[in-house]
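Asker: below is the sequence, then the predicted model.
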Amino acid sequence: MIKTVIFDVDNTLYSYTDAHEAAFEALSMYADKKLGLSRDVFECLHKKTEDTLREYMGNVAALHNRCIRYQIMLESQGLPLYPHVLEMNDLYWDILLKAAVPSPGVPEALKRLKRQGIHIGIGTDMTARMQFKKLAVLGLLSHIDFLVSSEEAGAEKPEKAFFARCLDKAGVPGQECLFVGDSLKKDVYGAMNAGLRAAWYCPKGDPAQTDVLMITDMAQLPQTVSAL
Ligand SMILES: [Mg+2]
């Protein structure tokens, strides 16, 4: 019997892909207008900076800190840091938060799970503050009983230490805890390897993936949880 459901945030509770696209578009326009970087150059620099940082920092929560990303990018080009690092950071997140809407069925599923007496947690690779802001604009924060960020856990998914922190907070054995996320590697296999149960959120479906519990519609989730 499932007592706690823990959700990934990005591309699970809302479409990060769509919201990021809107935010990145605004950032590209800023870079063109204020820094004289064409879209192609900016895209290339952005990717290169992300790759460099990943190699240098490894998989840590600070990798998601866009202030660091824009700072490194501008330093590498000898461009002025002030006021651009802060303006770019704020612009990106303002647009992303404005563009973020809950995935279909999410608010109703969370409400129904709560009515079923299920505790609801968040398990996310990111800094805590931004995830709180996302959950707030999505209107989901009031349903959440606890949150584990990789910033707090000191480890990112699929590391066991991350899921151990989730289980500590859930306060139930792994078999009573269902982790729901869009990444097979990070969310689903990560959770299963750490002894939790897992469901893969795949709105388009994938008939080839038969070894995992798949959720194509969040509205199905409360019923699925009851049946486990
Ligand atoms: Mg995700």
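Answerer: Now that the structure is in, tell me what you want to look at. None of the values given here were measured: they were computed from a predicted structure.
Asker: going by C-alpha atoms from here, please, whenever you check contacts or count neighbours.
Answerer: Noted.
Asker: tell me, what's the model's pLDDT at the residue in the chain that the ion sits nearest to?
Answerer: Nearest residue of the chain to the ion: Asp10, at 4.1 Å (C-alpha to the ion). Here, the pLDDT recorded for Asp10 equals 98.
Asker: for burial, what's the neighbour tally of it?
Answerer: The number of residues packed near Asp10 is 19, by other C-alpha atoms under 10 Å.
Asker: kindly report the same for the one 10 residues further on.
Answerer: Neighbours of His20 under the rule other C-alpha under 10 Å: 18.
Asker: ok, now Ala227?
Answerer: By other C-alpha under 10 Å, the residues close to Ala227 number 9.
Asker: one more: Leu138?
Answerer: Other residues within reach of Leu138, judged by other C-alpha under 10 Å, total 19.
Asker: wait, it touches Val101, no?
Answerer: Yes: counting by C-alpha atoms under 8 Å, Val101 is a contact partner of Leu138 at 5.9 Å.
Asker: quick check: neighbours shared by the two?
Answerer: Between them, Leu138 and Val101 share the neighbouring residues Tyr14, with contact defined by C-alpha atoms under 8 Å, 6 or more residues apart in numbering.
Asker: ok, for Val106, nearest residue in space, not its chain neighbours?
Answerer: Met218 (5.7 Å; C-alpha to C-alpha, 6 or more residues apart in numbering).
Asker: show the contacting residues for the one you found.
Answerer: Met218 makes contact with 103-106, 109, 201 under the criterion C-alpha under 8 Å, 6+ apart.
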